[in-house]
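Chemist: pasting a predicted model and its sequence here:
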Amino acid sequence: MFYKIGRNDPCWCGSGKKYKTCHEAFDGRIKRAQMMGHIVPTHDIIKNPEQIERIKESCKINVAVLDYIEKNIHEGMNTAEIDKIVYDMTTDMGGIPAPLNYEGYPYSVCTSVNSQVCHGFPSEKAVLKNGDIINVDCSTILNGYFSDSSRMFCIGEVSEEREKLVRVTKECVELGLKEVKPWGFMGDMGQAVHDHAFANGYTVVREIGGHGVGLEFHEEPWVSYNTRRGEEMLLVPGMIFTIEPMVNMGRPDIWIDDKNDWEVYTEDGLDSAQWEIMVLVTEDGNEVLCW
Ligand code: MF3
Ligand code: CO
């Protein structure tokens, strides 16, 4: 993974600076972590400032779309209407909905209601009822740069139980985020997410996680929440990934609908919630790019 690069050669990051005054010390720090047995990032998932700016432009569309849905989602609306809003708004702003045709996914957005864990298909038949909880998962491609985030919405009067699941899941993401800092580990974040869910009597889905994002929809690393502090990938400035735990009221087990090979449900039929943010590791902590 380490290029043979001369100290006076231009840095691999594209800054135009000499390697010795740019990322040489940074690479040395990564190399030492690797020698101590840690999983370390490769250069191709470390974004430079120009790429970060372009990714942020993509994020603006994603956030605008979710803000609009947040204001307009309501009881009696069907999820195909949400799909149309996402498609129309994203394309009007010059973007492409990233889910559309992604590995055969047939819609512009994922809408997952109650016991649906993720990848729910928008449908005219899925009419939002009073008391439902729904995750709307939006992803945008703008000029080849990707953004990805999702929010939960409570429809009308939601039971205290459901309200708590939605709230605690959001807290899991916030607590995980606090652990994201350079030269820390992905497992610091994962354990914080898991511990908070567990302390509230919930479980976290094991099979589906977050991911690196920005230059591709799904990049390395795969982001799990069933991980321990000090483990998993070393975090370094310039990495961008999602924190998107799926938190279940009951058992963590899931099943995938074999009618379409996409829609995921809890096995025990109890509810599941998810929030997703996209976070950049900075020199002194982190920056949320998309929520
Ligand atoms: N936004 C989802 C994620 O967090 C995307 C799932 S793939 C799709 O990774 F095709 F369903 F969109
Ligand atoms: Co994602």
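Modeler: Done, it's in. Ligands and ions are numbered 1, 2, ... in the order given.
Chemist: can you show me the helices along the protein?
Modeler: Counting by DSSP state H, the chain has these helices, from start to end: 24-35, 49-72, 79-92, 160-178, 186-199.
Chemist: in the shortest one, what counts as buried?
Modeler: For helix 24-35, burial by neighbour count (16 or more other CB atoms under 10 Å) applies to Phe26, Asp27, Arg29, Ile30, Ala33. Any C-beta I mention is one placed from the backbone N, CA and C, and that applies to glycine too.
Chemist: got it, and the third one?
Modeler: Neighbour counts over helix 79-92 (16+ other CB under 10 Å) mark Thr79, Ala80, Glu81, Ile82, Asp83, Ile85, Val86, Tyr87, Met89, Thr90 as buried.
Chemist: average pLDDT for it?
Modeler: Averaged across helix 79-92, the pLDDT comes to 98.
Chemist: show me how far that helix is from its chain's centre.
Modeler: Mean C-alpha position of helix 79-92 versus that of the full chain (CA atoms, centre = their mean, to the nearest Å) differs by 20 Å.
Chemist: not counting sequence-adjacent ones, nearest residue to the residue nearest the centre of the chain?
Modeler: Centre of the chain computed as the mean C-alpha position; nearest residue by CA atoms, centre = their mean is Thr242, 2.9 Å away. With sequence-adjacent residues excluded and distances taken as CB to CB, 6 or more residues apart in numbering, Thr242 is closest to Gly210, at 3.9 Å.
Chemist: who does that neighbour form a beta bridge with?
Modeler: Here Gly210 sits in beta bridges with Val223, as judged by DSSP bridges.
Chemist: now swap in Asn78 and tell me
Modeler: As assigned using DSSP bridges, the partners bridged with Asn78 are Val127.
Chemist: wait, it touches Ser123, no?
Modeler: Yes - between Asn78 and Ser123 there is a contact under CB atoms under 8 Å: 6.8 Å.
Chemist: more neighbours, the two?
Modeler: Between Asn78 and Ser123, counting by other CB atoms under 10 Å, Asn78 is the more crowded of the two (16 against 13).
Chemist: okay, the more buried one and Glu124: tell me how far apart.
Modeler: From Asn78 over to Glu124 the distance is 5 Å, taken as CB to CB, to the nearest Å.
Chemist: so which residue of the stretch 51-200 of the chain comes closest to ligand 2?
Modeler: Distance from ligand 2 to each residue of the stretch 51-200 of the chain (CB to the ion) is smallest for Asp148, at 4.2 Å.
Chemist: list the contacts for that residue?
Modeler: With contact set as CB atoms under 8 Å, 6 or more residues apart in numbering, Asp148 has these partners: Asn62, Ala98, Asp137, Cys138, Ser139, Thr140, Val213, Phe217, Thr242, Glu276, Met278, Cys290.
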